[in-house]
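Engineer: Take this sequence and fold it.
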Amino acid sequence: MSSRKTLFITGVSSGLGNALAREALAAGHRVIGTVRSEAALQAFEALSPDQAHGVLLDVTDFERIDSVVAATQARHGPVDVLVNNAGYGHEGIFEESPLEEMRRQFDVNVFGAVAVTKAFVPYFRQRRAGHILNITSMGGTITMPGIAYYCASKFALEGISDTLSKELLPFNIFVTAVAPGSFRTDWAGRSMRRTPRSIADYDASFDPIRKAREEKSGKQPGNPQKAARAMLQLIDSPTPPAHLLLGSDALSLVRDKLSRAAREIDQWEALSRSTDD
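Structural biologist: Model prediction:
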């Protein structure tokens with residue numbers, strides 16, 4: 001560890017957010033973590049009475065975010081690293097899934113992350129320092145049947161992160177989209193919102209996928225503790241990347257997607273060029 005940092009992590013009650021908070025505290029960093037209940041706040045602060053500081057905040061409570069961030073920095077001093085981790089997965093066939101489910105998915109996974117980031121950017125810009133980690137997913141590059149809304153939210157956050165990394169680099173502010181593969185978290189378990197099945201035409205193609213996803217929950221190859229340690233290495237780097245994959249499955253699947261995309265571009269190159277004058 002090069003120096004002690006103050007991290008602001010959204011969603012520290014479980015999953016990768018909890019793993020990162022624990023590892024950061026163990027490494028001597030200070031962690032300010034958002035939770036959504038008083039019980040979760042007390043549990044988080046019990047991890048380290050001196051270095052763990054809980055904040056009651058739902059990232060979809062957009063009207064409160066600016067004041068919460070201002071109050072947090074007034075109390076604890078400058079934040080060095082923002083980690084937008086709060087999010088959840090939605091599973092459902094596109095045709096069956098209500099539009100309201102997509103709105104909720106984007107409110108949490110996209111608008112929540114954007115609102116928190118917008119609250120922090122002025123402070124980072126004024127200090128000419130800061131690092132933003134947006135926890136996306138390999139589902140922000142690849143897609144799988146039954147998670148259209150989730151993938152859409154992660155594609156959106158990937159695009160925002162990449163653009164923001166270019167806007168903020170002149171101010172010595174780094175932005176990294178961290179894209180995990182399958183990790184042993186609650187993502188595919190209790191945290192997953194599943195739209196009920198209703199159209200029989202999809203039974204044969206999708207029901208086995210849903211069953212397999214449920215059965216693999218808790219048995220994924222990714223170790224959250226190792227992901228947290230990788231992220232700590234990332235924030236210690238003087239030249240962090242704009243995008244980081246976590247997990248061998250993410251590496252394999254994203255590489256395959258990109259190679260197929262390159263082949264398709266080559267295949268249709270003549271038609272692509274035909275639209276120029």
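
Engineer: Who are the contact partners of the residue nearest to Ala129 when sequence neighbours are not counted?
Structural biologist: Using Cβ to Cβ, 6 or more residues apart in numbering and skipping the chain neighbours, the partner closest in space to Ala129 is Asn172 (5.6 Å). Bear in mind the C-beta positions are built from the backbone N, C-alpha and C, glycine included. Residues counted as contacts of Asn172 (Cβ atoms under 8 Å, 6 or more residues apart in numbering) are Arg128, Ala129, Gly130.

Engineer: And these, which of them are buried?
Structural biologist: The neighbour count (16 or more other Cβ atoms under 10 Å) marks Gly130 as buried among the contacts of Asn172.

Engineer: For Ile209, give me phi and psi.
Structural biologist: When quoted as degrees, to the nearest 10, the phi and psi of Ile209 stand at phi -70, psi -50.

Engineer: How about the contacts made by it?
Structural biologist: So Ile209 contacts Met144, Pro145, Gly146 (Cβ under 8 Å, 6+ apart).

Engineer: got it, and Gly92?
Structural biologist: Here Gly92 is in contact with Glu101, Gly146, Ala148, Tyr149, Arg194, Thr195 (criterion: Cβ under 8 Å, 6+ apart).

Engineer: At which residues are the strands of the stretch 51-200 of the chain located?
Structural biologist: For the stretch 51-200 of the chain, applying DSSP state E, counting those that start in this stretch gives strands covering 52-56, 81-84, 90-91, 130-135, 173-180, 193-194.

Engineer: Quick one: the helices in the stretch 151-277 of the chain, in order.
Structural biologist: 203-216, 224-236, 248-267, 269-273 (DSSP state H, counting those that start in this stretch).

Engineer: pull the CA atoms of stretch 137-145 into CSV?
Structural biologist: Output in CSV follows, covering the C-alpha atoms of stretch 137-145 (Å, rounded to 0.1, in the frame of the first residue of the first chain):
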residue,chain,number,x,y,z
SER,A,137,-19.8,-6.4,-15.4
MET,A,138,-18.7,-8.6,-18.2
GLY,A,139,-22.4,-8.2,-19.0
GLY,A,140,-21.4,-4.6,-20.1
THR,A,141,-19.6,-6.1,-23.1
ILE,A,142,-21.1,-9.5,-23.6
THR,A,143,-24.8,-10.5,-23.4
MET,A,144,-26.7,-13.6,-22.4
PRO,A,145,-30.4,-14.6,-22.8
